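Engineer: using only what follows, build the 3D model:
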Amino acid sequence: MNKVTAKKSHPKGLWVLFGTEMWERFNFYGMRAILTLFMVNALLIKEADAAIIYGGFLALCYLTPLLGGFISDKYIGNRYSIMLGGTLMAIGQLLLFISASTFDGNMGSAKAIMWIALFVIIFGNGFFKPNISSMVGSLYPKEEKNKLDSAFTIFYMGINIGAFLGQFICPWVGDVKDAETGFRDIFAFKWGFLAASIAMVIGTITFFILKNKYVVTPEGRPIGGLPKNNASEDFEEGETQTAKFSSKAIGISIGLFAVLFFIFRYFLVGEFGFSSVEMGQLIKGIIYPFIYSAGIALAYLIMSSAENKVERQRIWVIYIVSFFIIFFWAAFEQAGSSLTFIADNQTDRKIFNWDMPPSMVQIFNGIFVVMLAIPFSLLWDKLRAKGKEPVSPLKQAIGLALIALSYFIIAHNVKDLGNSGLLAIKWLMLLYFIQTMGELCLSPIGLSLVGKLAPKRFASLLYGVFFISNAAGYALAGSLGAIIPATGDKFEKAEKLGINLQDVLDKKVVLTTEQVALFEKEQLPIENTSFAGFEIHNLYEFFMVFVVLCGIAAIILALLSPRLKKMMNGIS
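Structural biologist: I've put the predicted structure just below:
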């Protein structure tokens, strides 16, 4: 796509939002690249707990858009929400910088500051994420909604240019190892968090300066202002201009949420009460049930406000598709936990004699999105012109199938590694290449689908609902990341203690109380992990979990696509 075509096809406001989101993603993905390594190496948190914390953190980042979307639609509008969210995220990253600067002197304070930082980032993301996506959809008048798939694909390229920069610069300055000894400099993490904070400041200032000039309708009216100033021409004929929820519907939703919370809690941790104080159990027993129950309760609330059958069916499509992409994000978001640990412990990361930092390996996803976003945008445009463009749910089913394929390939390449063999980095590069194609079939298409189907009066709230599927996927990603089996470095640590870890895992050796305490101190497992009642013995079995989950989801969504197309009532 050349510049002339882009300017003719898309408003200048898209490029402003593109740039704003680019810096925000630099901030978020840069922090994400080094977060679990910081927790494990500097704050001495166990890998399994770090994976669950990571999953819970990402899940909450994509749950709070419900709150941010609701407040935006009802009270302050997109513009103020984006500036508030950007400011909070910059502050949160600065707090992580402070945490990484103080852990050596006071571990307790460093951990406390880290928790505060993560919660500030969570709420900042909640205000920022749904509102900038909603504004992209608002740039296009009703008669140009067919451009949204290609518009969101271009917007998604901005996301991943930022991700690429963040995943390169933050690990470059924050994940540093001594060339001679190979030991990680745990005092360098702070510079990665500081770089992320600076990026968010740049993004927020960019939006503040350019929003009034370019983020406007074709007639020149500002987009995303206070809800009370919404113009009637922005809505479908006969559509209500403000979101209204009855007291009865709100009350039933709250009751439904409370009941479902304790049901999900029981199935996840086996209890209704709150007796456990173990970190992983607290996250799984509070955050995860909150996410799942909030999604279902909100479905009832939004459906109760639907004004006709067509509107109700379109909202159902958003919910049905959102359910299936939970499995995509559960697999995709292993990048920041289990795949990073594998890159760190059991991968030959040398590229032309340069040993790539393990936290930087996920950078290939950002590189491939930047390479492929425009070709994918052109592909959808050409297929649309020929009348052969797949319906949006089918595109997303293809995305699920691709991520299943990526894990199938990697599973067969780790099958014969054993405990000490190293995976060639080319296989992780191939995994990220295939996953990127899947991501481009699923994520920007999902954003576009919400923009096309959501009633204008609660569009930001429905973007928040869509991000619940991300939240649920990230929550599942944390649980699945925690079942990663022992890898190379664990066996080496046990060997130094004079114990064969494989014999321990196979229950051929019973550890003494002193040895169990020593294993606990060295963060070594004493038994194999399990999923759905099946014991995970090796990386092959671990990766096949994702093949099965995503493969089944892809098949079912593809079969449902013709029915969903009818429910979309003329929108594709």
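Engineer: in contact with residue 64, which residues are there?
Structural biologist: With contact set as C-beta atoms under 8 Å, 6 or more residues apart in numbering, residue 64 has these partners: 122, 123, 125, 126, 127. Quick note: C-beta positions are derived from backbone N, CA and C, even for glycine.
Engineer: which of those sits closest to residue 245?
Structural biologist: The shortest approach to residue 245 among the contacts of residue 64 belongs to residue 126, at 19.3 Å (C-beta to C-beta).
Engineer: can you report how many residues lie near the closest one?
Structural biologist: Counted with other C-beta atoms under 10 Å, residues neighbouring residue 126 total 28.
Engineer: how about the nearest residue to it, chain neighbours excluded?
Structural biologist: residue 64 (2.6 Å; C-beta to C-beta, 6 or more residues apart in numbering).
Engineer: do the same with residue 325
Structural biologist: Per C-beta to C-beta, 6+ apart, closest to residue 325 is residue 469, 5.2 Å.
Engineer: ok, and the closest non-adjacent residue to residue 413?
Structural biologist: In space, and not counting its chain neighbours, residue 413 is closest to residue 427: 4.7 Å by C-beta to C-beta, 6+ apart.
Engineer: same question, residue 165
Structural biologist: residue 26 (4.9 Å).
Engineer: again with residue 27
Structural biologist: Closest residue to residue 27 apart from its sequence neighbours, by C-beta to C-beta, 6+ apart: residue 200 at 4.0 Å.
Engineer: isn't residue 129 right next to residue 68, touching?
Structural biologist: Yes: using C-beta atoms under 8 Å, residue 129 makes contact with residue 68 at a distance of 7.1 Å.
Engineer: so for those two, which residues contact both of them?
Structural biologist: Contact with both residue 129 and residue 68 is made by residues residue 85, according to C-beta under 8 Å, 6+ apart.
Engineer: backbone dihedrals for the residue nearest to residue 27, please?
Structural biologist: With angles defined as degrees, to the nearest 10, residue 200 sits at phi -70, psi -40.
Engineer: mind checking how far it is from residue 164?
Structural biologist: Distance, residue 200 to residue 164, using C-beta to C-beta, to the nearest Å: 16 Å.
Engineer: so which residues of the stretch 251-400 of the chain form strands?
Structural biologist: For the stretch 251-400 of the chain, the strands defined by DSSP state E, counting those that start in this stretch occupy 347-348, 350-351, 354-355.
Engineer: closest to residue 553 out of these?
Structural biologist: Short answer: strand 347-348, nearest of the strands of the stretch 251-400 of the chain by C-beta to C-beta, at 27.6 Å.
Engineer: for the record, mean pLDDT for that closest one?
Structural biologist: For strand 347-348, mean pLDDT rounds to 88.
Engineer: then stretch 171-181?
Structural biologist: Averaged over stretch 171-181, pLDDT sits at 80.
Engineer: so for that stretch, what gets flagged as buried?
Structural biologist: By neighbour count on 16 or more other C-beta atoms under 10 Å, the buried set for stretch 171-181 is 171, 172, 173, 174, 175, 176.
Engineer: again, but for stretch 77-84
Structural biologist: Quick answer for stretch 77-84 (16+ other C-beta under 10 Å): 77, 78, 79, 80, 81, 82, 83, 84.
Engineer: what about the residue nearest to residue 165, which helix or strand?
Structural biologist: Taking DSSP states H and E as the definition, residue 26 sits inside helix 12-41.
Engineer: show me how far the next helix or strand after that helix is from its chain's centre.
Structural biologist: Later in the chain than helix 12-41, the nearest helix or strand by DSSP H and E is helix 47-61. Chain-centre distance of helix 47-61: 11 Å, with C-alpha atoms, centre = their mean, to the nearest Å.
Engineer: just the mean pLDDT for helix 47-61, thanks.
Structural biologist: For helix 47-61, mean pLDDT rounds to 82.
Engineer: what's around the residue nearest to residue 165, how many residues?
Structural biologist: So residue 26, with other C-beta under 10 Å, has 29 neighbours.
Engineer: that older thread, in contact with the residue nearest to residue 325: list those residues for me.
Structural biologist: 295, 322, 323, 325, 326, 329.
Engineer: just give me the closest of these to residue 47.
Structural biologist: The closest of the contacts of residue 469, once distances to residue 47 are taken by C-beta to C-beta, is residue 329, at 20.6 Å.
Engineer: who are the contact partners of residue 382?
Structural biologist: By C-beta under 8 Å, 6+ apart, residue 382 has no neighbours at all.
Engineer: what do you get for residue 10?
Structural biologist: 139, 147, 151, 154.
Engineer: distance of it relative to residue 309?
Structural biologist: Distance check for residue 10 against residue 309: by C-beta to C-beta, it reads 33 Å.
Engineer: returning to that earlier point: any idea how far residue 154 is from the residue nearest to residue 126?
Structural biologist: 26 Å.
Engineer: repeat for residue 117
Structural biologist: Per C-beta to C-beta, residue 117 is found 32 Å from residue 154.
Engineer: what's the end-to-end length of stretch 480-487?
Structural biologist: End-to-end distance of stretch 480-487 (C-alpha to C-alpha, to the nearest Å): 16 Å.
Engineer: my read is the residue nearest to residue 325 is in a helix, agree?
Structural biologist: Yes: judged by DSSP: H, G, I helix; E, B strand; the rest coil, residue 469 forms part of a helix.
Engineer: what's the single longest helix in this protein?
Structural biologist: Selection of the longest helix in the chain by residue count, based on DSSP state H, yields helix 107-138.
Engineer: angle of that one against helix 12-41?
Structural biologist: Angle of helix 107-138 versus helix 12-41, following axes from the mean of the first three to the mean of the last three C-alpha atoms, to 10 degrees, is 160 degrees.
Engineer: go through helix 107-138 and flag the buried ones.
Structural biologist: Residues of helix 107-138 classed as buried by neighbour count (16+ other C-beta under 10 Å): 110-111, 113-114, 116-138.
Engineer: swap in stretch 36-49?
Structural biologist: For stretch 36-49, by 16+ other C-beta under 10 Å, it's 36-43, 45-49.
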